[in-house]
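Chemist: with the sequence up front, the predicted model follows.
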Amino acid sequence: MDPLLYTAMAAWAAFAAGAAWCAASAAQGMLPADGGAPRDLAGVPLSFRILLPLAPALRGLSGSGFFARARERIDGDLAAAGLDGKIDSREAVALAFLCPVALGIPFCGLVALARTIVPDAVPRSVAIALCALVPPLLALSPRQWIKSAVKRRHLSITKALPFVLDLLTLSVEAGMDFMAALQRSCAVRKRDALNEELSRMSREILVGTPRRKALRNMAQRARHPDLKAVATALIQSDELGVSIGAILRIQAAQMRERRFERAEKLANEAPVKMLGPLMLCIFPAVFLILLGPVMAKAAHGLF
């Protein structure tokens, strides 16, 4: 019998044992009951949603001191990605262990089984490479998902910030209070990353948090350089007694200039990024179109 068949059987046996252990953990009350209020998991991938109920079974491992620094970094990334109310750092660490077990082991079992049934379809070297690479990549997938969520949120803030600053500037210079202008801006705009951060800061101020501290909290939470610069400027204007309207106008002009510089940089990078697809796709197609008939005639003449 092919050794890969034994590998497939062992992989599925390990998966079945893991599933039985999770079921036993649930029976012992290690997993949360279904009677609690459902969490808002919008934006969380489906595979992670399925595995999240199993995360408390690994709370002893994910909550150990060995992963303390990792949890601290993940907490900051979750806050910057706007996911701090959806999953926590312990669950993210648990997902790094659950993904290779729940997804990687069955995948390796299927590859080994396919190699056993149809040896020519899956070469041995390819099967070994897949079984060696897929589980580590699955272990890194929660961390990469959080980082990609941070990038998407930062991009959304970058796009919306100049417009919001212009709106706040017009409102403040027209005589409206800064907090009233901020609340009006959050009310009339669609729900996006910047709107969520400003609404959260506004709620903190309404419950009694000083405006300077609320601005610092927003800057530390979002970790966006442009938003941090705006928060720092507003804090300084509050400390020095400078007009907020003038500060907002200066910041809006700077944000528009930075956005133009970023657009110019991306435009300059476009020809270099297009070179790869051009060499891989367009040139071979042109080569086949121009020289294909000539090569076909030459081959017909030879044979």
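Modeler: In hand now; what should we look at?
Chemist: from here on, just use CA atoms for contacts and neighbour counts.
Modeler: Noted.
Chemist: who's in contact with residue 103?
Modeler: 135, 138 (C-alpha atoms under 8 Å, 6 or more residues apart in numbering).
Chemist: and it, which of the three is it?
Modeler: helix (DSSP: H, G, I helix; E, B strand; the rest coil).
Chemist: same question for residue 84.
Modeler: coil.
Chemist: check the residue lying closest to it once chain neighbours are set aside and give its pLDDT.
Modeler: In space, and not counting its chain neighbours, residue 84 is closest to residue 78: 4.9 Å by C-alpha to C-alpha, 6 or more residues apart in numbering. pLDDT, residue 78: 93.
Chemist: what helix or strand does residue 78 sit in?
Modeler: When elements are assigned from DSSP states H and E, residue 78 belongs to helix 68-81.
Chemist: which neighbouring elements make contact with that helix?
Modeler: Packed against helix 68-81, as judged by 3 or more C-alpha pairs under 8 Å, 6 or more residues apart in numbering; DSSP states H and E, are the following elements: helix 89-99, helix 124-173, helix 211-222.
Chemist: export those helices as JSON lines, with columns for mean neighbour count and distance to residue 190.
Modeler: Shown next, in JSON lines, are the helices and strands packed on helix 68-81 (neighbours: other C-alpha atoms under 10 Å; distance: least, C-alpha to C-alpha, whole Å):
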{"stretch": "helix 89-99", "mean neighbour count": "23", "distance to residue 190": "29"}
{"stretch": "helix 124-173", "mean neighbour count": "17", "distance to residue 190": "11"}
{"stretch": "helix 211-222", "mean neighbour count": "19", "distance to residue 190": "19"}
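Chemist: could you dump these into JSON lines and include distance to residue 254 and mean pLDDT?
Modeler: Conversion of the helices and strands packed on helix 68-81 to JSON lines gives the following (distance: least, C-alpha to C-alpha, whole Å; pLDDT from 0 to 100):
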{"stretch": "helix 89-99", "distance to residue 254": "36", "mean pLDDT": "90"}
{"stretch": "helix 124-173", "distance to residue 254": "9", "mean pLDDT": "88"}
{"stretch": "helix 211-222", "distance to residue 254": "17", "mean pLDDT": "92"}
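Chemist: what would the ones you listed look like in JSON lines with distance to residue 74?
Modeler: Formatted as JSON lines, those follow (distance: least, C-alpha to C-alpha, whole Å):
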{"stretch": "helix 89-99", "distance to residue 74": "6"}
{"stretch": "helix 124-173", "distance to residue 74": "8"}
{"stretch": "helix 211-222", "distance to residue 74": "12"}
